[in-house]
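Asks: Quick one: sequence plus predicted model below, questions after.
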Amino acid sequence: MAEKLTERGVQMTVEMQKAKNVELAAQLAAETRRREEAVEALEKSRAANRKKRPALPKAPKLKGDVVEVTTGDWHGNKVDPAGFSAFLADLKMIQPDRLILGGDILDCGGFLAEHHALGYVAESADSYEDDVATANGLLDQVQPLASEIHYLEGNHEWRVERWALGQKLSHAKDIELLRRTFAAEHVLGLADRGIRYYRSGETHGDSHVPGWVKFDDVWFVHRLSRSANSARAAVQSAAANVVYFDTHRADYLPVRKIGTGHIAAWNPGCLCRFQPLYCQTRPTEWTHGYLVRWISRTGKFLMINVPIINGISLGSSIFSK
């Protein structure tokens, strides 16, 4: 009798487990359907909101020597209008062969922000949508003025990738879906614009270090050093000619090494507002400006910092001649 009860108990346990398995399979199928529907809805939303930007005319490519302009740290809706206007006026006169955007063209604030000055209503005034709209408007103005444009991902644009990973999605395709919806190269339509985007987590060209890009014997990277002597730290770290950004302070330091000869580090400064709210307790030492480089057929080049002070470019009188 006891053996029959034991056998019946085992049979009931097996049947209960089978029923539970069926229930779990149904739940899994329902969850899979919900995820597929959510992904499909997100794709439709992204396609509906994507604006096909018309092709803009390119400036005629100069013959012979190459003229290159480098700028960065606009920070979207935190851009300084007077500083950017002065830069744009110079760009119209220079008409460079190559324009290098060194990153943080978007501010990526709002839900993507790392730092807020808590307790201030003003910190909630700017949205990512406004940030994207401003950056698109700025790109619309500079795009016709350069033959080719290169865009390095800054630490602010990288916030999108980190946020996407932080959603704890289980599949790389889902993470990439969020990137395609919110990342800089997509919300700014860089592929349609013909602007090449260099992600900070990938290697490019001859570089074996992620985020570094080389143009005509000079390396470009968004973040390298934030120390008070950042130019010295940058040139020692790179052991080569290097342009870096992120500090918002114009800088230049040439050195001569036995192994490398004459090398230097440059920082163009920024074009954003000087005193964001999160710096209200520590006045910044930021400066406005950009870099211009003339590159000869022999590969030799001259790079200069062009300061913009109180909305007036100190290079405008030179480039207007």
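Replies: Ah, there it is. Computed from a predicted model, the values in this text were never measured in an experiment.
Asks: how about the strands in the stretch 101-250 of the chain?
Replies: Using DSSP state E, counting those that start in this stretch, the strands found in the stretch 101-250 of the chain span residues 148-152, 196-198, 213-215, 218-221, 242-244, 250-257.
Asks: in its sheet, what does the fourth one sit against?
Replies: What it means is strand 218-221. strand 213-215 (antiparallel), strand 242-244 (parallel) (DSSP bridges).
Asks: Report the mean per-residue pLDDT for the first one.
Replies: For strand 213-215, mean pLDDT rounds to 97.
Asks: With the last one instead?
Replies: Mean pLDDT, taken over the full extent of strand 242-244, equals 98.
Asks: what does stretch 172-190 give?
Replies: For stretch 172-190, mean pLDDT rounds to 90.
Asks: got it, and stretch 262-279?
Replies: 93.
Asks: next one: that stretch to chain centre, how far?
Replies: Here stretch 262-279 is found 15 Å from its chain centre; the criterion is CA atoms, centre = their mean, to the nearest Å.
Asks: rewinding a little: can you tell which of the strands of the stretch 101-250 of the chain is closest to residue 126?
Replies: Closest to residue 126 of the strands of the stretch 101-250 of the chain is strand 148-152 (CB to CB; 21.5 Å). C-betas here are computed from N, CA, C, even on glycine.
Asks: which residues of this structure score low on pLDDT?
Replies: Scanning the chain for pLDDT under 70 picks out 1-6, 8-10, 14, 31-32, 34-64, 114-115, 117-118, 168, 170, 321.
Asks: Next, count neighbours for residue 308.
Replies: Neighbour count of residue 308, defined by other CB atoms under 10 Å: 26.
Asks: check contacts around the closest residue to it other than its chain neighbours.
Replies: Nearest non-adjacent residue to residue 308, counting by CB to CB, 6 or more residues apart in numbering: residue 288, 3.9 Å away. Residue 288 is in contact with 80, 83, 86, 87, 269, 270, 271, 307, 308, 309, counting by CB atoms under 8 Å, 6 or more residues apart in numbering.
Asks: if we can go back for a sec, as CSV, the strands paired with strand 218-221 with mean neighbour count and distance to residue 141 would be great.
Replies: As requested, the strands paired with strand 218-221 are arranged in CSV below (neighbours: other CB atoms under 10 Å; distance: least, CB to CB, whole Å):
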stretch, mean neighbour count, distance to residue 141
strand 213-215, 18, 23
strand 242-244, 26, 23
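Asks: which stretch among these comes nearest residue 296?
Replies: strand 213-215 (14.4 Å).
Asks: so who does the nearest residue to residue 227 once chain neighbours are set aside touch?
Replies: Of all residues not flanking residue 227 in the chain, residue 233 sits nearest, at 5.1 Å (CB to CB, 6+ apart). By CB under 8 Å, 6+ apart, the contact set of residue 233 is 224, 225, 227.
Asks: Sort out for me which of these are in helices.
Replies: The members of the contacts of residue 233 all map outside helices under DSSP state H.
Asks: For these, pick the one with the most neighbours.
Replies: So for those (other CB under 10 Å), the most neighbours sit at residue 224, 25 neighbours.
Asks: Setting aside sequence neighbours, what's the nearest residue to that one?
Replies: That would be residue 244: by CB to CB, 6+ apart, it lies 4.0 Å from residue 224.
Asks: And the one you found, how close does it get to residue 83?
Replies: Residue 244 sits 19 Å away from residue 83, going by CB to CB, to the nearest Å.
Asks: Relative to residue 72, how far out is the nearest residue to residue 255 once chain neighbours are set aside?
Replies: Closest residue to residue 255 apart from its sequence neighbours, by CB to CB, 6+ apart: residue 235 at 5.7 Å. Distance check for residue 235 against residue 72: by CB to CB, it reads 18 Å.
Asks: tell me what the host helix or strand of residue 308 is packed against?
Replies: Using DSSP states H and E, the element containing residue 308 is strand 301-309. Here strand 301-309 touches helix 81-94, strand 250-257, strand 261-268, strand 288-295, going by 3 or more CB pairs under 8 Å, 6 or more residues apart in numbering; DSSP states H and E.
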